[in-house]
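Asker: only geometry, no sequence info:
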């Protein structure tokens, strides 16, 4: 059950924030060791056009239509699922 429990020392939000902070520190430590965590990608467009959110046309050149390209290592992913799997595997 989620919500506020006035008798609890830690609330659900405290636990959730601690989990998020732990994951951020874990990913940062991996990045410091040179391991790409695939957190930042671009693509999914037609290879030339902008995406919603204002990404520039120039940033999409060289990325095949429907693919995602990792900013960190340049790996191409053919779908969101393969990108998510790569992120989960680190």
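Answerer: Nice, I can see it. All of these numbers come straight from a predicted model, not from anything done at the bench.
Asker: hey, let's count contacts and neighbours off CA atoms from now on
Answerer: Noted.
Asker: Apart from its chain neighbours, what residue comes closest to residue 72?
Answerer: residue 36 (6.0 Å; Cα to Cα, 6 or more residues apart in numbering).
Asker: how would you label that neighbour: helix, strand or coil?
Answerer: coil (DSSP: H, G, I helix; E, B strand; the rest coil).
Asker: Could you point out the longest helix of this structure?
Answerer: The single longest helix within the chain, with elements called by DSSP state H, is helix 12-32.
Asker: and residue 54, what pLDDT?
Answerer: On pLDDT, residue 54 comes in at 55.
Asker: so who does the residue nearest to residue 72 touch?
Answerer: Going by Cα atoms under 8 Å, 6 or more residues apart in numbering, residue 36 touches 30, 72, 73.
Asker: what about the first one, how many neighbours?
Answerer: Spelled out, that is residue 30. 13 (other Cα atoms under 10 Å).
Asker: Against residue 64, how distant is it?
Answerer: 28 Å (Cα to Cα, to the nearest Å).
Asker: now do the last one
Answerer: Here the criterion is Cα to Cα. By it, residue 73 lies 16 Å from residue 64.
Asker: More neighbours: the two, which one.
Answerer: Neighbour count, other Cα under 10 Å: between residue 73 and residue 64, residue 64 has more, with 18 against 13.
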